[in-house]
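[1] I'll drop the sequence and a predicted model, then ask my questions.
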Amino acid sequence: MRAGLEAESRSPQRLRRLAGAARRGSGASGVPTAAAEVERMRARWVEARLVDHGRAHARALGWSDVYTLSKSLAELAVSERCGERPLSVVRPSIIESALREPMPAWIVGLRMAEPVILAYGRGLLPEFPGLPDGIIDLVPVDIVSNAVITAAATPPASRRAVYHVGSGARNPLRYRGLFDNVRAYFRAHPLHDSAGAPIAVPDWRFPSGRQAGRRLATVERGLEIAVGTVERGMATPRTRVLHQRLDQARDRVRRARSLSEMYAVYTEMDAVFDDTATRSLDLGRSAAERAEFPFDAGLIDWEDYLQRSHIPAVVDLARLRRRASRPVLPRPTSAPATPAARLPAVRPGAEPALAVFDVEGTIADLTVVQHYLFFLLDREERRRWPLTIARTALRVPGWLRLDRVNRLDFQRRFYRGYAGLEREVVAETARRALHEITLPRCFPRALRRVREHVDAGHRVVLVTGALDEVVRPLAELLEVELRAAHLRTLDGVFDGDLADTPPSAEARGALVTRLAAETGARAAACYAYADSISDLSMLEAAGNPVPVNPDLRLLSVARRRGWPVQSWRVGDGGGRMPVVLPERVAAQTSSRIAAGRR
């Protein structure tokens, strides 16, 4: 089976679909990273198909799932090994927390009905399939252990005896009854969300498994489209909040769909296990033994057991928030961005360490386009500025599209616009731009972080796709190294072609690895700060990856991997002009605005 699925997963059609999905997710991060993602997706596809095939095979043989089929196969194997020797088989139903021994509500794992109970209490299951009048056959663990002890002490009358230990025949718990008890508990003792507000639990209408599966699949697909649409847009505080909500909603739906597929076979089962042999085993003992080792499921009071014993124990074991940790305040009309995670510590010491920073979007709220436009406006007459700005604005959408697909191709095309500019003039203008636009747009927390690494004696390198002449003044000011793009010059004039390949996409990961080797720094002593999915390989190469103001695709990766996402801002004070103008004109414009307000 696996061999066939492995071959199918490597078919051209399947690989093209996987490659398309990888490009949409992390394609801009480079070919090796995208190829690794394709392989991860292919392996997950094979595993998912194996699970589907195993479940279908088990059901075709009359079993609810592979779990019950494997238990039956184990039982057959034990029976064959025993030969003519007597054998007693105890078949428990769904084992839950203890009724009395070793103590009421004793439980050590969350494996059977607990995931559904907890998901419902957290508000993650607005609906769940099942037959409301169907029997959910639960049995406390101490009843099962007492039955096993009694069966072991009572040799079977024939060569083989089978004892079903459950509650369905003697003391049936209906699916609706289980739901009513769980709902009553969480309405009386609600869990609380991260804001301290009580979580409201829903009512269920008990759809069929097929209906619930179709509905959840449709919702999941809609959320995937919504997430993809948002990820194709710009990363702003609002879109990050929206992306987080959609991503969390998609995760909830996926979890609900997984639980529905896993448990529907039990919640839709219309059967009762025959416990005649178990009852005979129980009644054949003395009164003292029955009192010492009870396993009569008829003794269970379901309301008392569920609401005052089992569910509280499950919630405690899961360590969920059962009460508000602080006063509940009115919810804001728009959700704030996710709080920044704690940064990895910067420790001075004898051990070599490396810190690599992206520049645009990570250290400063600037792009290569803004500097380019600044250079164009600085050399032109003021009356031509509207036309220059309009021309540049028309080219921006195309640049953005190309940058999302392949940053190196974007750089090659973009830097052709520098053809004809004198290198010394650009360098001199960049030195003025440092004070006019670069430093005012730098993130104070980023500059402090760079200084922390420098003061700790770490090797600090700025890695950027911007021109060396443009970023050099900032690197000199921060006293750090620089890896940037270089253009060819002819007689001191840029010809628009790259002199060498700038560090981009997967090349940045290789650069971090090479710099770490040169420095003698272990991966655990390497730090990387970046904002774009194209920098994924750079972040992966460092032992301490820090996404800063990440675009939405990198944000999604960072959440899955638990990276400490940072939100760094320029700070308070003043508005930002849509176009950064040379200092002399910006000052004149600000003066005119101030005069108009007076």
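    The structure has been received and is ready for your questions. Numbering: from 1, shown residues only.

[2] Wait, Ala364 touches Arg445, no?
    No - the pair formed by Ala364 and Arg445 falls short of the contact definition of CB atoms under 8 Å, at 11.8 Å. Bear in mind the C-beta positions are built from the backbone N, C-alpha and C, glycine included.

[3] If you count surrounding residues, which of these two has more?
    Each of Ala364 and Arg445 has its neighbours counted (other CB atoms under 10 Å); Ala364 has more, 22 against 17.

[4] May I have the residues that are in contact with the more buried one?
    By CB atoms under 8 Å, 6 or more residues apart in numbering, the residues touching Ala364 are 438, 441-443, 446, 474.

[5] Swap in 6 Å and give it another go.
    Remark: with contacts taken as CB atoms under 6 Å, 6 or more residues apart in numbering, Ala364 is in contact with 441-442.

[6] how near is it to Asn549?
    11 Å (CB to CB, to the nearest Å).

[7] Read off the pLDDT value for Gly25.
    Taken from the predicted model, the pLDDT recorded for Gly25 is 63.

[8] Which secondary structure elements does the strand with the most length in the chain sit against?
    When every strand of the chain is counted residue by residue (DSSP state E), the longest turns out to be strand 459-467. When contacts are defined as 3 or more CB pairs under 6 Å, 6 or more residues apart in numbering; DSSP states H and E, strand 459-467 sits against strand 354-358, strand 481-485.

[9] Swap in 7 Å and give it another go.
    Here strand 459-467 touches strand 354-358, helix 368-378, helix 444-455, helix 468-478, strand 481-485, helix 506-519, going by 3 or more CB pairs under 7 Å, 6 or more residues apart in numbering; DSSP states H and E.

[10] Give me the sheet partners of that strand and which way each runs.
    Here strand 459-467 is paired, per DSSP bridges, with strand 354-358 (parallel), strand 481-485 (parallel).

[11] May I see these arranged in JSON lines, with distance to Arg245 and mean pLDDT as well?
    Output for the strands paired with strand 459-467, formatted as JSON lines (distance: least, CB to CB, whole Å; pLDDT from 0 to 100):
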{"stretch": "strand 354-358", "distance to Arg245": "27", "mean pLDDT": "95"}
{"stretch": "strand 481-485", "distance to Arg245": "37", "mean pLDDT": "91"}
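
[12] Need the winner for burial among those.
    Compared across the strands paired with strand 459-467, strand 354-358 shows the largest average neighbour count, a mean of 26 (mean count of other CB atoms under 10 Å).

[13] Could you export that strand as CSV, CA atoms only?
    Only the C-alpha atoms of strand 354-358 are listed here, as CSV (Å, rounded to 0.1, in the frame of the first residue of the first chain):
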residue,chain,number,x,y,z
LEU,A,354,26.7,36.3,15.2
ALA,A,355,23.8,38.6,14.7
VAL,A,356,22.4,39.2,11.2
PHE,A,357,19.8,41.9,10.5
ASP,A,358,17.8,42.6,7.4
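
[14] got the contact list for Arg252?
    Contacts for Arg252 (CB atoms under 7 Å, 6 or more residues apart in numbering) come out as Leu124.

[15] secondary structure class for it?
    Three states are possible here, and by DSSP: H, G, I helix; E, B strand; the rest coil the one that applies to Arg252 is helix.

[16] Need the per-residue pLDDT for Pro92.
    Pro92 carries a pLDDT score of 93 in this model.

[17] go on, Ala595?
    Spelled out, the predicted local distance difference test score at Ala595 is 42.

[18] contact partners of stretch 299-309?
    The contact list for stretch 299-309, computed with CB under 7 Å, 6+ apart, reads 97, 99, 104-105, 167, 171, 173, 177, 181, 184-185.

[19] try it again with 6 Å
    Contacts to stretch 299-309, defined as CB under 6 Å, 6+ apart, come from residues 104-105, 171, 173, 181, 185.

[20] ditto for stretch 440-453
    346, 355, 363-366, 460, 478, 568, 570-571.

[21] Then stretch 173-192?
    Under the contact criterion CB under 6 Å, 6+ apart, stretch 173-192 has outside partners 117, 121-122, 130, 132-134, 136, 198-199, 201, 204, 267, 302, 306-307, 311, 320-321, 324.

[22] Could you pull up the mean pLDDT of that stretch?
    Averaging pLDDT along stretch 173-192 gives 93.

[23] likewise stretch 556-571?
    Confidence for stretch 556-571, expressed as mean pLDDT, is 88.

[24] likewise stretch 231-238?
    Across stretch 231-238, pLDDT averages out at 76.

[25] ok, back up a step: would you check which pair of the contacts of stretch 299-309 lies furthest apart?
    Between any two of the contacts of stretch 299-309, the greatest separation by CB to CB is 19.5 Å, found for Asn171 and Tyr185.

[26] between the two, which one's more packed in?
    For the pair Asn171 and Tyr185, the greater number of neighbours falls to Tyr185 (22 against 17), based on other CB under 10 Å.

[27] Tell me if I am right that that one is in a strand.
    No - Tyr185 is assigned helix when assessed by three-state DSSP, not a strand.
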